[in-house]
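Peer 1: Structure, please.
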Amino acid sequence: MRILFVGTEVSLKNSPEGIVSRALVEGFIKNGCSVDLISPRLPEVIDGLAQHFSYDAKENFVINKLHKKITGLEGGGFYDYCCTLISEISVATYDLIFIRSDPVSLHKIALFINQTFGISCVCSFGDVGSVNPYYSGGLLTRLRKKNLVALERQLISAGNIVTQTNQRSIDLYRDAGFDVSRFCVLPNPIVSTVDRNQALLSAEELAVFPETVAACYRDVVATSSQHAHNVAFIGSFYGERKPDAMLDFFAGREDVALHVFGGVRNILFEKNGIAYRWMREKGLKALMDSAKEKGVKNFYIWPFMPIKLINSLVVNRFDGLINVDADFKPNPFLSSKVVQYLSYNKSVFNFSNEGATVDLLKEAGIEYFIDYSNPLPERCAFEVLSERTRPTVDLADHYSREAVIRRFLDERVIAERCA
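Peer 2: Just a heads-up that it's a prediction; the model follows:
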């Protein structure tokens, strides 16, 4: 099967959506597909790509982000590049044109393909689009939602297939009056295979990383060894995803250390401009101050680290992992980190409402979660909490890149499209 994969996020090295997008590409390749990719320059080579059409023009990140934030539509020259390139190649020779956008904006490329070649596409949403509960309130928010609704309805009426990461998101579209007959679930896959028997990295293995990264790894090892139990949140707090319930839950506990890897958005670590550094330092200070005010006894903030180092640390030094969702009812968001957490087979402390994340963890046998509607701290021993939040069903193979894409290709709407 020949696949044309189109996306921008795939080129972002440490962005969660970038990591997921590359895992999807790899999943197609591992299922024997021949994959051509259109994207900005990749941070590293993806083994097995048939061809990479690389968009190398420099863009003003801030201007493009602002345009997307206001209108909901992709800014910059990538759209024009794609339309020109697609007009020059034989798109009819592909069995599937797969466009990945986070969540909606890039899918206007699908409309160009529909109108120019009469070919339907797969429009894969990295997150829920116009029915996102964030889209309520101010004038700009309503404008963005109006644009997204119009684009989504055009995509659906043109016969494109739409993927969402979970059934809760599809239900929101159905409730909003959308035709969901060509919607299907494409969950985020586990992005990194984990050796649960691996040891801590040796000095020789750390030598391939920058010294600042290696030193941070050694500091985490030394610090975590001072505590009986350690739990980790890996990710960012922003918007409605707030740390308060997590901090309240672990406040006053002497028997566990709470570690945050990241804490603020990835882009603030990746960009080195004065404004980015200021926002990063401001956000991290606010997080540390909040932990102190709430009485969290053992609290540490670490920078984002490469997945190989994170895997080694989680396997050897951490008893559990933390997910913090935005406080929406029901919760339509399924963070990619939660799927990755399942690969470790460790306890997962989930701060959420009923919704997509709770549904996934119930598949793994974890019924317990810290409900935002009743977020009272548990004062039982950490061992008891750990037992409540530990998976009883191992889903690592079920959510591997290969398995997720294999099930997707077997979906009725995909099988009919490729027949």
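
Peer 1: pretty sure residue 38 is in a helix, no?
Peer 2: No. Counting by DSSP: H, G, I helix; E, B strand; the rest coil, residue 38 is not part of a helix but strand.

Peer 1: ok, now how distant is the residue lying farthest from the centre of the chain from residue 255?
Peer 2: The centre of the chain is farthest from one residue, residue 88, which by CA atoms, centre = their mean lies 32.6 Å away. Residue 88 is 63 Å from residue 255, where distance means CB to CB, to the nearest Å. Where you see a C-beta, it was placed from the backbone N, CA and C, and this is true even at glycine.

Peer 1: C-terminal to the helix or strand containing residue 409, what's the next element?
Peer 2: Residue 409 is part of helix 401-410 when elements are defined by DSSP states H and E. On the C-terminal side of helix 401-410, the nearest following helix or strand under DSSP H and E is helix 412-418.

Peer 1: Against which helices or strands is that next one packed?
Peer 2: Helix 412-418 sits against strand 96-101, strand 161-164, helix 401-410, with contacts defined as 3 or more CB pairs under 8 Å, 6 or more residues apart in numbering; DSSP states H and E.

Peer 1: contacts for the first one?
Peer 2: With contacts defined as CB atoms under 8 Å, 6 or more residues apart in numbering, strand 96-101 is touched by 1-10, 21, 24, 28, 74, 91, 106-107, 109-110, 113, 119, 121-126, 414, 417-418.

Peer 1: And the buried ones among those residues, selectable in ChimeraX?
Peer 2: Per 16 or more other CB atoms under 10 Å, the buried members of the contacts of strand 96-101 correspond to this ChimeraX selection:
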select :3,4,5,6,7,8,9,10,21,24,28,74,91,106,107,109,110,113,119,121,122,123,124,125,126,414,417
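
Peer 1: now the residue nearest to residue 133 when sequence neighbours are not counted, what's its secondary structure?
Peer 2: With CB to CB, 6 or more residues apart in numbering as the criterion, residue 133 has its nearest non-adjacent residue at 4.6 Å, and that residue is residue 328. Secondary structure, three-state DSSP: residue 328 is coil.

Peer 1: among the helices and strands packed on helix 412-418, which is nearest residue 201?
Peer 2: Proximity to residue 201, assessed across the helices and strands packed on helix 412-418 by CB to CB, is greatest for helix 401-410 (23.7 Å).

Peer 1: This protein: strands as residue ranges?
Peer 2: 2-7, 34-40, 51-55, 96-101, 122-125, 161-164, 183-185, 230-236, 257-263, 299-302, 320-324, 347-352, 370-371 (DSSP state E).

Peer 1: between the helices and strands packed on helix 412-418, which gets nearest to residue 46?
Peer 2: Taking CB to CB, helix 401-410 is the member of the helices and strands packed on helix 412-418 nearest to residue 46, at 11.8 Å.

Peer 1: So which other helices or strands are in contact with the closest one?
Peer 2: helix 16-30, helix 412-418.

Peer 1: Can I get the shortest one in PDB, CA atoms only?
Peer 2: Presented in PDB, the C-alpha positions along helix 412-418 are these (Å, rounded to 0.1, in the frame of the first residue of the first chain):
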ATOM      1  CA  ARG A 412     -14.400  -0.600   7.400                       C
ATOM      2  CA  VAL A 413     -14.200   2.900   6.000                       C
ATOM      3  CA  ILE A 414     -10.400   2.500   5.400                       C
ATOM      4  CA  ALA A 415     -10.800  -0.900   3.800                       C
ATOM      5  CA  GLU A 416     -13.500   0.400   1.500                       C
ATOM      6  CA  ARG A 417     -11.500   3.400   0.600                       C
ATOM      7  CA  CYS A 418      -8.400   1.300  -0.300                       C
END
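
Peer 1: For this protein, which residues score under the pLDDT cut-off?
Peer 2: Within the chain, the stretches with pLDDT under 70 are 59-62, 64-65, 67-76, 103, 137, 375-377, 419.

Peer 1: Go again with 80.
Peer 2: The model of the chain has pLDDT under 80 over residues 13-15, 58-76, 102-105, 134-142, 266-267, 270-272, 374-379, 412-413, 415-419.

Peer 1: tell me what whichever helix in the chain runs longest is packed against?
Peer 2: Criterion DSSP state H: the longest helix present in the chain is helix 274-294. Contact analysis of helix 274-294 by 3+ CB pairs under 8 Å, 6+ apart lists helix 244-250, strand 257-263, helix 266-270, strand 299-302 as its packing neighbours.

Peer 1: Just the terminal-to-terminal distance for stretch 181-199.
Peer 2: One end of stretch 181-199 sits 48 Å from the other (CA to CA, to the nearest Å).

Peer 1: from now on call the first residue 765
Peer 2: With the count now opening at 765, the last piece we talked about shows up as stretch 945-963.

Peer 1: Which residue, other than its chain neighbours, is closest to residue 920?
Peer 2: Residue 920's closest residue in space is residue 943 (CB to CB, 6+ apart), at 5.6 Å.

Peer 1: so how far is residue 916 from that neighbour?
Peer 2: 10 Å.

Peer 1: between those two, who's got more neighbours?
Peer 2: With neighbours defined as other CB atoms under 10 Å, residue 943 and residue 916 compare such that residue 916 has more, 23 against 12.

Peer 1: from memory residue 843 sits against residue 870, does it?
Peer 2: Yes. Look at residue 843 against residue 870 with CB atoms under 8 Å: they come within range, at 7.5 Å.

Peer 1: Quick one: residues contacting the residue farthest from the centre of the chain.
Peer 2: Residue 852 touches nothing, counting by CB under 8 Å, 6+ apart.

Peer 1: Please apply the same query to residue 954.
Peer 2: Contact analysis of residue 954 by CB under 8 Å, 6+ apart lists 787, 1103-1104, 1106-1107, 1160, 1163-1165.
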